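In: Provide a 3D model corresponding to the input given below.
(2 chains)
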2 protein chains.
Amino acid sequence: MIRRTALITGIAGFAGSWLAEELLSEGYRVFGTFLPNESLNNIRPIQKQLSLAKLDILDTSACRKLVAAVKPDHIFHLAAIASVGRSFELEQVTFRVNFDGTLSMLEAARQHARLKSFLFIGSADSYGTFQPPTKLLTERQCFNPISPYGIAKSAAEYASRYYHRAHGLPVVIARSFNHSGPRQTDNFVIPSFAKQIAMIEAGRQKPVLMVGDLSAKRDFSDVRDIVRGYRLLAQKGKPGEVYQLCSGKAVSIQHVLDMLISISHADISVKVDKQRLRKADIPMLRGSHAKATRDANFSTRIPLRTTLMDTLAYWREKI
Amino acid sequence: MIRRTALITGIAGFAGSWLAEELLSEGYRVFGTFLPNESLNNIRPIQKQLSLAKLDILDTSACRKLVAAVKPDHIFHLAAIASVGRSFELEQVTFRVNFDGTLSMLEAARQHARLKSFLFIGSADSYGTFQPPTKLLTERQCFNPISPYGIAKSAAEYASRYYHRAHGLPVVIARSFNHSGPRQTDNFVIPSFAKQIAMIEAGRQKPVLMVGDLSAKRDFSDVRDIVRGYRLLAQKGKPGEVYQLCSGKAVSIQHVLDMLISISHADISVKVDKQRLRKADIPMLRGSHAKATRDANFSTRIPLRTTLMDTLAYWREKI
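Out: Numbering: from 1, shown residues only, chains lettered A, B, ... in the order given. Next comes the predicted model:
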């Protein structure tokens, strides 16, 4: 049996580290890139099974050399500024890394003939605002991004589709909705809550949980389901096609908070922190995964409660 | 009376040079930037009335210093790779100049408090493909770009709107449809035909006109109408709003060719050159300028026949 080689950019990140485990367990040789100075904590337990290299994806020549040397069968391009919230503070970096960085990798991949798939990670945040705000989103929904993250991901997705049309690059696009789980940084809402609860339980924070807007509804999945989706799309997705990866259900941030507090034994009150209210938010995101189910047999398996329990357990251990 | 100061990036280009004349004739002080090594032929007759500086818009620090020094009331950001056709050959440059370059100018403008308007030049090419392909386009049409030019302009327009929402920058967006006239380079269809006809008339080309796809329909305006639209939008457009600038009529490239040939006295035959067929084309673009008429009193005045005659006269003189 020939083992296929996968190259993951951003392997030491949140989704990257889970994807590395998914691909190893499926028998792939896994090559990964990380930023100079980036912590490798997320991949420490599997580090010996991986081939690793430092790479700044803005260095187009380094990207080209790396792809030429690794000769991957599959590229999973995950390296990006991942937080919508942080992108408002890191506008220029987000535009550069998420758009120019994707161009670097597309160009590198184009010059490597043997590639079987290039998975680009798009985002539901590219949809921005739309009418009616409660609609069930499909891949046909057009973009109207309002965050630097969504703008950069929109542009990078347009460019990814262009590389398929113009150059025949076998690009498959995963358009991911919110996903969470252990290892996600506390720039995201679920780990932000989970970390604070763990701090309160440990007596290191007053029993007051600071929150932003609780009314927004999001379609949350477990990161382990989403990375399985990435693997399935690389294997079965049709080149040039876009696939939403999501659960099909939307829950409010309030609901997530209530579940997390119910999981904890601590007595916790909640306080709104105006600093945490985002400049321009999208009221609701809920997607259909029918296309990913049809073409790649994707669906989510892990209930939200499990995601929340595992995330809280991760932060209890970390603190 | 206080004279207002206008800064035009790309002043020596096709639309830039006409806009400079328009603004001078309306009493503005006009400051313009051009690329190192760029020809100043287009602005030679008015050069003494202009203040000029070399600027590479990818140099963010130079953009910031220039805006801080000029202290313009109005910025007209025209510097860009302007040809959809060329953008397929200049992918990376188009992405960089048209997107990153716009970010440079937006950032520079944001740091300059006195600005009254920042005109960003978007494009109907951002619409890409849509259904039905004959529809009359409005500003509400969503983007689905298929050329590097359209992708970069889409991303830059998203970023321009973001700078208005997030930073209060008084951005007004002109979404231009095709426009032509004297001084346009022969990467565009009308000057390409006009130049060949002038060459044939002068006996410097066999009487065979080489053409690409003639079936596509476009909404052509005269550049002098479009730059008047730019001036009107800078004066009267609402910050954060998008305005289509177009004639409201679409004609086929075949029709343009027939008119041009009828203007010439030469006996000309036509031959399709496969090299000139674009990889992925949009069958028809036709827009409504109702919003620009309502808010800024814009409409086109110059008939297509005049544009074609003047363009042909320009090439006859040049050859």
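In: which residues of chain A fall in helices?
Out: Listed in chain order, the helices of chain A (DSSP state H) span A:14-25, A:60-70, A:84-87, A:91-95, A:101-110, A:148-167, A:189-201, A:223-236, A:253-263, A:290-296, A:304-318.
In: Quick check: mean pLDDT of the last one?
Out: This means helix A:304-318. The average pLDDT for helix A:304-318 rounds to 98.
In: Give me the packing partners of that helix, helices and strands only.
Out: helix A:189-201, strand A:221-222, helix A:253-263 (3 or more Cβ pairs under 8 Å, 6 or more residues apart in numbering or on different chains; DSSP states H and E). All C-beta spots, glycine's among them, are computed from the backbone N, C-alpha and C.
In: Report the buried residues of that helix.
Out: For helix A:304-318, burial by neighbour count (16 or more other Cβ atoms under 10 Å in any protein chain shown) applies to A:304, A:307-308, A:310-312, A:314-316.
In: how far is that helix from where the chain is centred?
Out: In this view, helix A:304-318 has its centroid 18 Å away from the chain centroid, taken as Cα atoms, centre = their mean, to the nearest Å.
In: residues making contact with it?
Out: The contact list for helix A:304-318 (Cβ atoms under 8 Å, 6 or more residues apart in numbering or on different chains) reads A:180-184, A:190-191, A:194-195, A:197-198, A:201-202, A:220-223, A:247, A:251, A:256, A:259-260, A:263-264.
In: domains of chain A?
Out: Taking automatic domain parsing as the reference, chain A has its domains at A:5-180+A:221-248+A:286-302, A:189-217+A:250-285+A:308-318.
In: The residue of the stretch 151-300 of chain A found nearest chain B: how many residues sit nearby?
Out: Residue nearest to chain B within the stretch 151-300 of chain A: A:A155 (3.5 Å; Cβ to the nearest Cβ). Other residues near A:A155 number 29, with proximity taken as other Cβ atoms under 10 Å in any protein chain shown.
In: Correct me if wrong: it contacts A:R96.
Out: No - at 11.4 Å, A:A155 does not count as touching A:R96 under the criterion of Cβ atoms under 8 Å.
In: List the contacts of the residue of the stretch 151-300 of chain A closest to chain B.
Out: A:99, B:99, B:151-152, B:154-155, B:158.
In: and stretch A:240-251, how far out from the chain's middle?
Out: The answer for stretch A:240-251 is 12 Å, by Cα atoms, centre = their mean.
In: May I see the buried residues of that stretch?
Out: The neighbour-count check on stretch A:240-251 (16+ other Cβ under 10 Å) flags A:240-248, A:250-251 as buried.
In: Span of it from start to end?
Out: 31 Å (Cα to Cα, to the nearest Å).
In: That one near chain B at all?
Out: No - judged by Cβ under 8 Å from any Cβ of the partner chain, stretch A:240-251 and chain B are separated, with a smallest distance of 11.7 Å.
In: Show me what the mean pLDDT comes to for that stretch.
Out: On average, stretch A:240-251 scores 98.
In: ok, and the closest non-adjacent residue to A:S147?
Out: Of all residues not flanking A:S147 in the chain, A:V84 sits nearest, at 5.0 Å (Cβ to Cβ, 6 or more residues apart in numbering or on different chains).
In: again with A:T134
Out: Distance criterion Cβ to Cβ, 6+ apart; nearest residue to A:T134, sequence neighbours excluded, is A:M284 at 5.5 Å.
In: Show me what that neighbour is bridged to.
Out: Beta bridges link A:M284 to A:K217 when assigned by DSSP bridges.
In: Low-confidence stretches in chain A?
Out: Where chain A drops to pLDDT under 70, the residues are A:1, A:278-280.
In: ok, the contacts of A:A155 vs B:L214, which is closest?
Out: Closest to B:L214 out of the contacts of A:A155 is B:I151 (25.7 Å), distances taken as Cβ to Cβ.
In: That closest one contacts A:Y162, correct?
Out: Yes - at 6.1 Å, B:I151 counts as touching A:Y162 under the criterion of Cβ under 8 Å.
In: Look at those two and report which has more neighbours.
Out: B:I151 (30 against 24).
In: Spell out which parts of the stretch 101-250 of chain A neighbour chain B.
Out: Contact residues, the stretch 101-250 of chain A versus chain B (Cβ under 8 Å from any Cβ): A:103, A:107, A:142-148, A:151-152, A:154-155, A:158-159, A:162, A:165-166.
In: And the buried ones among the residues you listed, selectable in PyMOL?
Out: To isolate the buried members of those in PyMOL, using 16+ other Cβ under 10 Å:
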select buried, chain A and resi 103+107+143+144+145+146+147+148+151+152+154+155+158+159+162+166
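In: next one: stretch A:218-225 to chain centre, how far?
Out: Using Cα atoms, centre = their mean, the offset of stretch A:218-225 from its chain centre is 9 Å.
In: residues in contact with the residue lying closest to A:A109 once chain neighbours are set aside?
Out: Using Cβ to Cβ, 6+ apart and skipping residues adjacent in sequence, the residue nearest A:A109 is A:F118, 5.0 Å away. Shown in contact with A:F118 (Cβ under 8 Å, 6+ apart): A:74-75, A:77, A:105-106, A:109, A:160, A:163, A:169-172.
In: can you check A:H167 too?
Out: A:R110.
In: Most tightly packed of the domains of chain A?
Out: Mean neighbours per residue, mean count of other Cβ atoms under 10 Å in any protein chain shown, is largest over the domains of chain A for domain A:5-180+A:221-248+A:286-302, with a mean of 21.
In: what's the span of it from first residue to last?
Out: End-to-end for domain A:5-180+A:221-248+A:286-302, by Cα to Cα: 27 Å.
In: wouldn't A:S192 be in contact with A:A198 here?
Out: No - counting by Cβ under 8 Å, A:S192 does not reach A:A198; the two are 11.2 Å apart.
In: thinking again about what came up before, distance check, the residue nearest to A:S147 against A:S176.
Out: Between A:V84 and A:S176 the computed distance is 12 Å (Cβ to Cβ, to the nearest Å).
In: go on, A:P145?
Out: A:P145 sits 15 Å away from A:S176, going by Cβ to Cβ.
In: residues touching the residue nearest to A:T185 when sequence neighbours are not counted, list them.
Out: Leaving out its chain neighbours, the residue that sits closest to A:T185 by Cβ to Cβ, 6+ apart is A:P191, at 6.4 Å. By Cβ under 8 Å, 6+ apart, the contact list for A:P191 reads A:180, A:184-185, A:311, A:315.
In: Could you do A:N42 as well?
Out: Contacts of A:N42 by Cβ under 8 Å, 6+ apart are A:12-14, A:16-17, A:183.
In: and if we set it to 10 Å?
Out: A:N42 makes contact with A:11-18, A:20-21, A:34, A:182-184, according to Cβ atoms under 10 Å, 6 or more residues apart in numbering or on different chains.
In: repeat for A:S176
Out: Applying Cβ under 10 Å, 6+ apart, the residues contacting A:S176 are A:15, A:121-125, A:153, A:219, A:221, A:223, A:226-227, A:229-230, A:243-246, A:287.
In: rerun that using 6 Å as the cut-off
Out: Contact partners of A:S176, counting by Cβ atoms under 6 Å, 6 or more residues apart in numbering or on different chains, are A:121, A:123, A:226, A:245.
In: Would you check that the third one makes contact with A:Y243?
Out: Think A:I226. No - with contact defined as Cβ atoms under 6 Å, A:I226 does not count as touching A:Y243 (11.4 Å).
In: Can you tell me the closest non-neighbouring residue to A:A68?
Out: Nearest non-adjacent residue to A:A68 (Cβ to Cβ, 6+ apart): A:H112, at 6.2 Å.
In: For the residue in the stretch 1-150 of chain A positioned nearest to chain B, which non-adjacent residue is closest in space?
Out: Closest contact between the stretch 1-150 of chain A and chain B, by Cβ to the nearest Cβ, is at A:C142 (3.3 Å). In this structure, A:C142 finds its nearest non-sequential neighbour in B:C142, 3.3 Å apart by Cβ to Cβ, 6+ apart.
In: ok, now how distant is that neighbour from B:F76?
Out: B:C142 is 26 Å from B:F76, by Cβ to Cβ.
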